[in-house]
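>>> Everything below, folded, please.
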Amino acid sequence: MATSEKTVELGLRQNWRQFALLVLINAFVGGMVGLERSIFPQLAGEVFGIAANTAVLSFIVAFGLTKALANYYTGVLANRFGRKRLLVAGWLVALPVPWMLMLAPSWAWVVAANVLLGISQGLTWSSTIVMKIDLVGEKNRGLAMGLNEFAGYFAVALVALLSASVASAYGIRPYPFYIGVALSVLGLLGSWWFVRETHHHAKAEQQTSTIPALKRPFWDTTWLNKNLGSVSQAGFVNNLNDGMVWGILPVLLAQRNFSLVEIGQIAAIYPAVWGISQVFTGKLADHLCKKTMLFWGMFGQGIAIALMIWASHYWEFAALAAILGFGTAMVYPTFLATIAENTNPSDRARSIGIFRLWRDLGYAVGALLTGIIADWMGIFWSVGFIGVLTVLSAAIIEIRMRCRDCQLHPVK
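Coordinates of the predicted model:
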């Protein structure tokens, strides 16, 4: 029987069982990305003989483009079809991915697998975000998003470390990809059997919301609304530099003669610090001005990336990866909490989808741009360019964005 809107209760305490389940489901979602995080440059070189940076990064471009589009359509369709249906659909799309990766006869199969992974990630991650925001209501949005992103990105780190260890002990294929088989099956069964629809919670909050509906949701979220637009550009640049770290950092570390295990450890530090810190930074975003969180988070990322040009020792890269992870933790839950507090509940799923469209397009642009620069001018130029661009994003936040209480109307 469908839940009556009159009996719906909003809040983290009131809905903790469903919230905790969605946190676990999102850990499975993150783990599917972690599967690729540390071993793909070696997969490209050892199995398929691909050396050019732009060719290696083609899988991130495919992933970023399809995930971005899936994010957008998840937001558009969430109110029409329901969040749970889109979540289950995302896991169905994920099922063949690990099998395609372990059996791929050519690099084209790897790219195709990442197209499916991008679609799956857009559907599943966006759905869990919207569902958690539905459940908690106006209070504790930052904490809710911190827990969501903690689960996803800590799982990225754990699986990245685990897949590198398995690959080092048993080879690049097939054993690391069995982890993905287990994650996709558990994610599908958990979503299908236990997750409940949350659309009624959004409708209940809409009855008391004082935030006006957006007149032009796409353009307001993209740029015209000063707060929403600042978040969208910062999300784009954040994932642009994450695409660089994902694809270029392992190559840079390999050039510095680090072992596969050491590369896996450094690659895992960044999402581990990112993931764990979000429990703290998410709660902090409920109390501090979100502009302050976003500015210092983006600024810290830019400085950490730029300093990688001069790093040479293991602990230098480890420290910079930790700083980069904490900077990302400051902005990631704050992005989503800012979108939520600046939109009417009727617009929220769509605005989150639009924000995540731009944010995850950063993966594709970052991978393609850094690959081209690395092939043309060298890896150091590529890393330095992304560091400077990230600092410029922080400057845009400082200039355009305003602090506001979540009870006020959005800033135009």
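>>> Give the rounded mean pLDDT of stretch 94-114.
Averaged across stretch 94-114, the pLDDT comes to 95.
>>> Please write out the alpha-carbon positions of that stretch in PDB.
These are the backbone C-alpha positions of stretch 94-114, laid out as PDB (Å, rounded to 0.1, in the frame of the first residue of the first chain):
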ATOM      1  CA  ALA A  94      25.600  -2.400 -13.900                       C
ATOM      2  CA  LEU A  95      25.400  -6.200 -14.000                       C
ATOM      3  CA  PRO A  96      27.400  -6.800 -17.200                       C
ATOM      4  CA  VAL A  97      30.100  -4.300 -16.500                       C
ATOM      5  CA  PRO A  98      32.600  -6.400 -14.500                       C
ATOM      6  CA  TRP A  99      32.100  -9.300 -16.900                       C
ATOM      7  CA  MET A 100      32.900  -7.100 -19.900                       C
ATOM      8  CA  LEU A 101      36.000  -5.800 -18.200                       C
ATOM      9  CA  MET A 102      37.400  -9.200 -17.300                       C
ATOM     10  CA  LEU A 103      36.600 -10.700 -20.700                       C
ATOM     11  CA  ALA A 104      37.200  -7.700 -23.000                       C
ATOM     12  CA  PRO A 105      39.000  -8.700 -26.200                       C
ATOM     13  CA  SER A 106      39.800  -5.100 -27.100                       C
ATOM     14  CA  TRP A 107      40.000  -1.600 -25.600                       C
ATOM     15  CA  ALA A 108      36.700  -0.800 -27.300                       C
ATOM     16  CA  TRP A 109      35.000  -3.300 -24.900                       C
ATOM     17  CA  VAL A 110      36.500  -1.400 -22.000                       C
ATOM     18  CA  VAL A 111      35.200   1.900 -23.300                       C
ATOM     19  CA  ALA A 112      31.700   0.200 -23.800                       C
ATOM     20  CA  ALA A 113      31.800  -1.100 -20.300                       C
ATOM     21  CA  ASN A 114      32.400   2.400 -19.000                       C
END
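>>> List of residues touching that stretch?
With contacts defined as Cβ atoms under 8 Å, 6 or more residues apart in numbering, stretch 94-114 is touched by 32, 35-36, 43-44, 48, 50, 55, 58-60, 62-63, 66, 116-117, 120, 124, 173-174, 177-181, 184-185, 187-188. Just so you know, the C-beta spots here come from the backbone N, C-alpha and C atoms, and that holds for glycine as well.
>>> centre of the chain versus stretch 92-111, how much separation?
21 Å (Cα atoms, centre = their mean, to the nearest Å).
>>> Buried residues, that stretch. List them.
Of all the residues in stretch 92-111, those buried under the rule 16 or more other Cβ atoms under 10 Å are 93-102, 104, 107, 110-111.
>>> Quote the end-to-end distance of it.
One end of stretch 92-111 to the other measures 18 Å (Cα to Cα, to the nearest Å).
>>> Please, which helix or strand holds Gly302?
Element membership for Gly302 (DSSP states H and E) is helix 290-307.
>>> next one: that helix to chain centre, how far?
How far helix 290-307 lies from its chain's middle: 17 Å, per Cα atoms, centre = their mean.
>>> Can you name the element that comes right after it?
Following helix 290-307 in sequence, per DSSP H and E, is helix 314-341.
>>> Show me what the helix holding Gly302 is packed against.
helix 226-247, helix 260-285, helix 314-341, helix 379-400 (3 or more Cβ pairs under 8 Å, 6 or more residues apart in numbering; DSSP states H and E).
>>> With respect to Leu12, which of those lies nearest?
Closest of those to Leu12 is helix 260-285, at 11.1 Å (criterion: Cβ to Cβ).
>>> how about that closest one: buried residues?
Buried, per 16+ other Cβ under 10 Å, within helix 260-285: 260, 262-285.
>>> That one packs against which elements?
helix 16-37, helix 141-170, helix 249-255, helix 290-307, helix 314-341.
>>> re the thing from before, any idea which of the helices and strands packed on helix 290-307 gets closest to Asn79?
helix 314-341 (15.2 Å).
>>> Distance from that closest one to the middle of the chain?
On Cα atoms, centre = their mean, the centre of helix 314-341 falls 11 Å from the chain's centre.
>>> So for the longest helix belonging to the chain, mean pLDDT?
Longest helix in the chain, counting residues (DSSP state H): helix 345-377. Regarding helix 345-377, the rounded mean pLDDT is 91.
>>> Packing partners of that helix?
helix 53-56, helix 58-81, helix 107-136, helix 199-206, helix 217-219, helix 226-247, helix 314-341, helix 379-400.
>>> Relative to Trp358, which of those helices is closest?
Using Cβ to Cβ, the nearest of those to Trp358 is helix 226-247, at 4.7 Å.
>>> who does the closest one touch, helix- and strand-wise?
Short answer (3+ Cβ pairs under 8 Å, 6+ apart): helix 226-247 packs on helix 58-81, helix 290-307, helix 314-341, helix 345-377, helix 379-400.
>>> Tabulate the ones you listed (TSV), appending distance to Thr208.
Shown next, in TSV, are those (distance: least, Cβ to Cβ, whole Å):
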stretch	distance to Thr208
helix 58-81	18
helix 290-307	22
helix 314-341	14
helix 345-377	9
helix 379-400	29
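>>> So for Val88, which of those helices sits nearest?
When the helices and strands packed on helix 226-247 are compared (using Cβ to Cβ), the closest one is helix 58-81, at 10.6 Å.
>>> Go through the closest one and flag the buried ones.
58-79.
>>> got it, and stretch 314-322?
317-318, 320-322.
>>> cool, and stretch 287-303?
290-303.
>>> Adding pLDDT, write those out as CSV.
Output for the buried residues of stretch 287-303, formatted as CSV (pLDDT from 0 to 100):
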residue, pLDDT
Lys290, 95
Lys291, 96
Thr292, 96
Met293, 97
Leu294, 98
Phe295, 98
Trp296, 98
Gly297, 98
Met298, 98
Phe299, 98
Gly300, 98
Gln301, 98
Gly302, 98
Ile303, 98
